[in-house]
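> Sequence isn't available, so here's the structure alone:
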């Protein structure tokens, strides 16, 4: 065997093996790259799925209860506004009634108008006044000074007969 034959055998078989191995290696690299791209795509899909699940959990556990609480608070606010408007109307009616109390026919009596008396004497609950702010004396003060118009007190021994029919 000559040198050229030896080289021919070595290089001929080796170049064919080298060629086959390069082609096989390129196919393996392509396959590995395709698998890597597939793994990246799968990882991206998992990341998107996880993000969707986290968003859904966030919406269900946090956003929906907060929306419900906000709606309940809004309803309470509207109810409070309605109640305040009603209270304001009542206060206006009370203010008008108190202002009109000076024109009460009982305001010139000795005892005065019971409404005005209650408003003026509200601070004197501790000096013998009853729980409603009227003492027995103040409640019937104006009636006691008037004459018995019916004359039905003649046979009664009660000294304060002018308050007949009035609650005690």
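Cool, the structure landed. The model shown is predicted, which means the values in this text are computed figures rather than measured ones.
> immediately after whichever strand or helix holds residue 29, which helix or strand?
Take DSSP states H and E as the rule and residue 29 turns out to sit in helix 3-58. Per DSSP H and E, the first helix or strand lying C-terminal to helix 3-58 is helix 64-100.
> Report the mean confidence score over stretch 66-75.
Along stretch 66-75, the predicted local confidence has a mean pLDDT of 96.
> Report the buried residues of that stretch.
Along stretch 66-75, no position meets the burial threshold by neighbour count (16 or more other C-beta atoms under 10 Å). Every C-beta, even on glycine, is put in place using the N, C-alpha and C of the backbone.
> for this protein, which spans come out with low pLDDT?
1, 9-16, 107-112, 121-168 (pLDDT under 70).
> Repeat the analysis, applying 50 as the threshold.
Within the chain, the set of residues satisfying pLDDT under 50 comprises 123, 126-168.
> count of residues packed around residue 83?
Neighbours of residue 83 under the rule other C-beta atoms under 10 Å: 10.
> And it, how far from residue 98?
22 Å (C-beta to C-beta, to the nearest Å).
> and if you look at residue 92?
Look at residue 92 and residue 98: by C-beta to C-beta, they are 11 Å apart.
> What's the separation between residue 119 and residue 98?
Between residue 119 and residue 98 the computed distance is 7 Å (C-beta to C-beta).
> hmm, I was thinking of residue 117
According to C-beta to C-beta, residue 117 and residue 98 sit 12 Å apart.
> cool, residue 69 as well?
On the measure of C-beta to C-beta, residue 69 and residue 98 end up 42 Å apart.
> same question, residue 60
Counting by C-beta to C-beta, the separation of residue 60 from residue 98 is 56 Å.
> do residue 54 as well
Computed as C-beta to C-beta, the residue 54 to residue 98 distance reads 63 Å.
> my read: residue 114 touches residue 120, true?
No. Applying C-beta atoms under 8 Å as the test, residue 114 and residue 120 come out as separate, 10.8 Å apart.
> more neighbours, those two?
In this view residue 114 and residue 120 are compared by other C-beta under 10 Å, and residue 114 has more residues nearby, 19 against 11.
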